[in-house]
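**Q** fold the following, please.
(4 chains)
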Protein chains: 2
Amino acid sequence: MKTCICAGTSLDRMLRPAVLTLLRDCPKGLHGYGIEQRLEEFQFCRRSLPDFTGLYRLLKKMEAEGLLRSAKSPSDNGPAKRVYALTVRGKQCLSRWRMSLLNYRDMLDDLLGHMRTTLSEKS
Amino acid sequence: MKTCICAGTSLDRMLRPAVLTLLRDCPKGLHGYGIEQRLEEFQFCRRSLPDFTGLYRLLKKMEAEGLLRSAKSPSDNGPAKRVYALTVRGKQCLSRWRMSLLNYRDMLDDLLGHMRTTLSEKS
DNA sequence: CTTCTCTATTAGACATACTCTAATAGTAAC
DNA sequence: GTTACTATTAGAGTATGTCTAATAGAGAAG
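**A** Residues are numbered from 1 along each chain as shown, chains lettered A, B, ... in the order given. Reported below is the predicted structural model:
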């Protein structure tokens, strides 16, 4: 039997702002593999790090959207990396994300309030 | 130009727990159209109510998953309705959702903390 | 009777943001 | 040469939506 979504394996839409935050904190840029590893710092990645494939595709998409720029960079201990860094638009995007996530938190609190409300009314 | 996701139009995964909550509070059951209207009470639906098609499909899926049961019911002022009500598994699912959403809120707070942290370090 | 509005559901096509499986390839240690 | 770590990509599938559009009952307005 499949596990129900209510088990809460992951919450979407947190990866983009997390990537933007990591890159803001690392002006020299980061490559996909390095980003993946640093995502451990975020609580929403504790259960399991996001899928590599998905992350790499997201980075390409964000570059196409003008939020990131990238350059190939040779590596000492492996194949060449593609290093991503924030653009000006990426920085603007990050600050808008902060407003949106605050709003999301309010929505979550509201929903949790609805869920609790009638539970206590029933008791 | 398309608007960026950072604008925060909506947050996924809130519809299922909201539907379960509405049905918990209405033991006689509700039909799709009625659920749609009551969703206005939830803050995450303020901007725009979810699409009818999506809601009806969700209800069918949740019934197939054993979370809801349904029955046809004639209507005074329109075509017959399909009235949905919670099953025991649906109630269990709802209480697990509460735990998951509390966890989501912690993850969101953590992410917001990361976003703020280095902003203040920079100033 | 026709048209409009409100009620009520369904179908098809698309978008987004993931996941899982798998392949490819460089470097270094053993 | 096999294993381990680094690094990226491709293909298929899933979950959760959106938009457009069709169908259909019932009551009111003209």
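**Q** where does chain A dip in pLDDT?
**A** Per-residue confidence for chain A (pLDDT under 70) gives these ranges: A:1-2, A:118-123.
**Q** the longest helix seen in it - contacts with which helices or strands?
**A** As assigned by DSSP state H, the longest helix anywhere in chain A is helix A:88-122. When contacts are defined as 3 or more CB pairs under 8 Å, 6 or more residues apart in numbering or on different chains; DSSP states H and E, helix A:88-122 sits against helix A:15-24, helix B:15-24, helix B:88-122. (Glycine included, C-beta is placed from N, CA and C.)
**Q** among these, which is nearest B:E36?
**A** Of all those, helix B:15-24 sits nearest to B:E36, with 10.0 Å by CB to CB.
**Q** show residues contacting the very next helix or strand once past that closest one.
**A** Where DSSP states H and E defines the elements, the next helix or strand beyond helix B:15-24 is strand B:30-31. Applying CB atoms under 8 Å, 6 or more residues apart in numbering or on different chains, the contact partners of strand B:30-31 are B:L22, B:L23, B:R38, B:S73, B:K81, B:R82, B:V83, B:Y84, B:A85.
**Q** could you confirm whether any residue of strand B:30-31 contacts DNA strand C?
**A** Yes - using CB under 7 Å from any atom of the strand, strand B:30-31 reaches DNA strand C at B:H31.
**Q** what residues does the helix or strand just after that strand touch?
**A** Counting by DSSP H and E, the element after strand B:30-31 in chain order, helix or strand, is helix B:32-38. With CB under 8 Å, 6+ apart as the test, helix B:32-38 has contacts from B:19, B:22-23, B:30, B:49-50, B:52, B:55-56, B:59, B:81-82, B:84.
**Q** mind checking which of those residues are buried?
**A** Neighbour counting over those (16 or more other CB atoms under 10 Å in any protein chain shown) leaves B:V19, B:L22, B:L23, B:L30, B:P50, B:L55, B:Y56, B:L59, B:K81, B:R82, B:Y84 as the buried ones.
**Q** and of these, the nearest to B:L94?
**A** Nearest member of the buried ones among the contacts of helix B:32-38 to B:L94, counting by CB to CB, is B:L23, at 8.6 Å.
**Q** doesn't B:P17 make contact with the closest one?
**A** No - applying CB atoms under 8 Å, one finds B:L23 not in contact with B:P17, separated by 10.8 Å.
**Q** report how many residues lie close to the closest residue to DNA strand C within chain A.
**A** Residue of chain A nearest DNA strand C, by CB to the nearest atom of the strand: A:G54 (2.6 Å). Look at A:G54: counted by other CB atoms under 10 Å in any protein chain shown, it has 10 neighbours.
**Q** now it: closest residue in space that isn't a chain neighbour?
**A** A:L15 (7.8 Å; CB to CB, 6 or more residues apart in numbering or on different chains).
**Q** ok, now which ones touch that neighbour?
**A** Taking CB under 8 Å, 6+ apart as the criterion, A:L15 is in contact with A:P50, A:G54, A:L55, A:L58.
**Q** can I get the residues you listed in CSV with secondary structure?
**A** Output for the contacts of A:L15, formatted as CSV (DSSP: H, G, I helix; E, B strand; the rest coil):
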residue, secondary structure
A:P50, coil
A:G54, helix
A:L55, helix
A:L58, helix
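**Q** what is the nearest of those to B:G113?
**A** A:P50 (19.1 Å).
**Q** give the contact list for the closest one.
**A** A:L15, A:E36, A:L39.
**Q** please redo it, this time with the cut-off set to 10 Å
**A** For A:P50, the contacting residues are A:S10, A:M14, A:L15, A:A18, A:V19, A:I35, A:E36, A:L39, A:F42, A:F44, A:L58, by CB atoms under 10 Å, 6 or more residues apart in numbering or on different chains.
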